[in-house]
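1. fold the stuff below for me.
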Amino acid sequence: MASVERPRHAPPRQFPVMDDCLQLGGVLLTRLAERVGRTPFYAYERDHIRSRVALLRDSLPQGVHLHYAIKANPMPALVGMMAPLVDGFDVASAGEMKTALDAGMAPSRISFAGPGKSNAELRGAVAAGVLLHLESEAEMERAAAVGALLGLTPRVAVRVNPDFELKYAGMKMAGGAHQFGVDAERVPAMLGKLGRLGLDFHGFHLFCGAQNLSAAAICEAQRLCVELALRLAERAPSPMRLLNIGGGLGVPYFPGERALDLPTVAEGLDGTMRKLKAGSPDTQLVLELGRYLVAEAGVYVCRVLERKLSHGQVFLITDGGMHHHLAASGNFGQVIRKNYPVAIGNRMQGGPRETATVVGPLCTPLDMLADSMELARAEVGDFVVVFQSGAYGLTASPTAFLGHPGPAEVLV
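-> Here you go, the predicted model:
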């Protein structure tokens, strides 16, 4: 019986290699580790982020505004670097709003989404002058009350939960019952009340899903978002000035996945933009991107503490793990766990190669960064590198779990 070849990761090419050692920001990994002073650490490369933004600017139709969703990576230095590169920030908490304002982004170019905004967050947002994405009728009334209390007119957009979803998305956030946004059929009545409350209506926010590698599915969802927004705008209390259609652009993490076909997405968006301009010529179209801007720019680096052999299986025990990088570990137990791209960073090719399992120091079998993966033979002191780690890494992980110290972060 013929053996079936397992799918493999595409070789990571976003960072150069010199003398068999990974380079980040022009610095050899071994030297960078000395500069940081300890492991584990996250490193994010400035030039990669700049290049990704430039690629989108060159590829997408003119007039598309790019917003960075800070939740993907809220490291203050990274957000500050991003501020002059993009057209706005999208935040989902008072903490993220502070980071956005501290980075120098104009309040008028910051939007605040999330289904459970506290009254304190509403007051802070209205006082700052950021755009509130209203997630419910009740939130609309609370925002109006805050505006009356402060003597300010809240700037608002309505987040819509459409009756369609982003097909093949890694995470679906629309279609059917969801905590996000207002069901599309309820929006017209809400818009009538919004006008009577005297809120400053700017437009709509539709975010259908995240982490999608299907260009066709993304194009379809973007078209449907614009068509729905144009219909809803007929009932709005004032012209639609802004339409945020979310993002959803994914990056490949696992064996067999291919990079998103950006030219096809751009071609589809061009036709969708023409439809929007025909129906609402003064509306600004926003793409809200996080992962696509920063994921591939980052790596997580930890050090091999011990080589261990158990029943013929090699284990590389490191000083990092799931408490720092939950997604790479499998998120507290996926049904079918998949490996992120991983390499021995100071032995990118190395001499002999072996099949090894990379685990962390935590007292749980879930603490695994690579399961039975072909790697260069590693020794104690070598560096394990997890690629695609620039988004939803440190701040999306249970850093307090079992009381181990947290990692460092550097922008290089």
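2. and Arg231, how close does it get to Phe204?
-> 11 Å (CB to CB, to the nearest Å). All C-beta atoms are positioned from the backbone trio N, CA, C, and that covers glycine.
3. one more: Leu228?
-> Look at Leu228 and Phe204: by CB to CB, they are 8 Å apart.
4. okay, the two: which has more neighbours?
-> Counting neighbours by other CB atoms under 10 Å for Leu228 and for Phe204 shows that Phe204 has the greater number, 30 against 20.
5. so what's the gap between the helix or strand hosting His67 and the chain middle?
-> Using DSSP states H and E, His67 sits within strand 64-69. Distance of strand 64-69 from its chain centroid, counting by CA atoms, centre = their mean, to the nearest Å, is 12 Å.
6. for stretch 262-282, same thing?
-> Stretch 262-282 sits 23 Å away from the centroid of its parent chain (CA atoms, centre = their mean).
7. now swap in stretch 376-396 and tell me
-> 18 Å.
8. what is the mean pLDDT for that stretch?
-> Averaged over stretch 376-396, pLDDT sits at 97.
9. going by neighbour count, list what's buried in that stretch.
-> Neighbour-count burial for stretch 376-396, counted by 16 or more other CB atoms under 10 Å, picks out 376-378, 382-394.
10. next: stretch 146-154.
-> Buried residues in stretch 146-154 (16+ other CB under 10 Å): 146-147, 154.
11. name the residues that touch it?
-> 119, 122-123, 125-127, 129, 132, 143-144, 198-200 (CB atoms under 8 Å, 6 or more residues apart in numbering).
12. which of those fall in strands?
-> Per DSSP state E, strands hold the following members of the contacts of stretch 146-154: 132, 200.
13. between the contacts of stretch 146-154, identify the one with the most neighbours.
-> Neighbour counts for those, by other CB under 10 Å, peak at Leu132, which reaches 30 neighbours.
14. same list (the buried residues of stretch 146-154) but as TSV, adding distance to Val187 and secondary structure.
-> Output for the buried residues of stretch 146-154, formatted as TSV (distance: CB to CB, whole Å; DSSP: H, G, I helix; E, B strand; the rest coil):
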residue	distance to Val187	secondary structure
Val146	21	helix
Gly147	20	helix
Pro154	18	coil
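15. pLDDT and distance to Met348 for those - can I get that in a markdown table?
-> Below are these laid out as a markdown table (pLDDT from 0 to 100; distance: CB to CB, whole Å):
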| residue | pLDDT | distance to Met348 |
| --- | --- | --- |
| Val146 | 98 | 54 |
| Gly147 | 98 | 56 |
| Pro154 | 98 | 53 |
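16. which residue is nearest the centroid of the chain?
-> Nearest residue to the geometric centre of the chain (CA atoms, centre = their mean): Arg291, 3.0 Å.
17. check contacts around that residue.
-> With CB under 8 Å, 6+ apart, Arg291 has these contacts: 72, 210-211, 247, 249-251, 391-392.
18. just to revisit the earlier point, common neighbours of Leu228 and Phe204, please.
-> Val160.
19. low pLDDT regions in the stretch 301-412 of the chain?
-> Applying pLDDT under 70 to the stretch 301-412 of the chain flags the ranges 335.
20. again, only this time at 90
-> Applying pLDDT under 90 to the stretch 301-412 of the chain flags residues 331-337, 349-350.
21. please apply the same query to the stretch 51-200 of the chain.
-> 162-181.
22. before we move on, back to that, among the contacts of Arg291, which two are most distant?
-> Taking CB to CB, the two most distant members of the contacts of Arg291 are Leu249 and Tyr392; they sit 14.2 Å apart.
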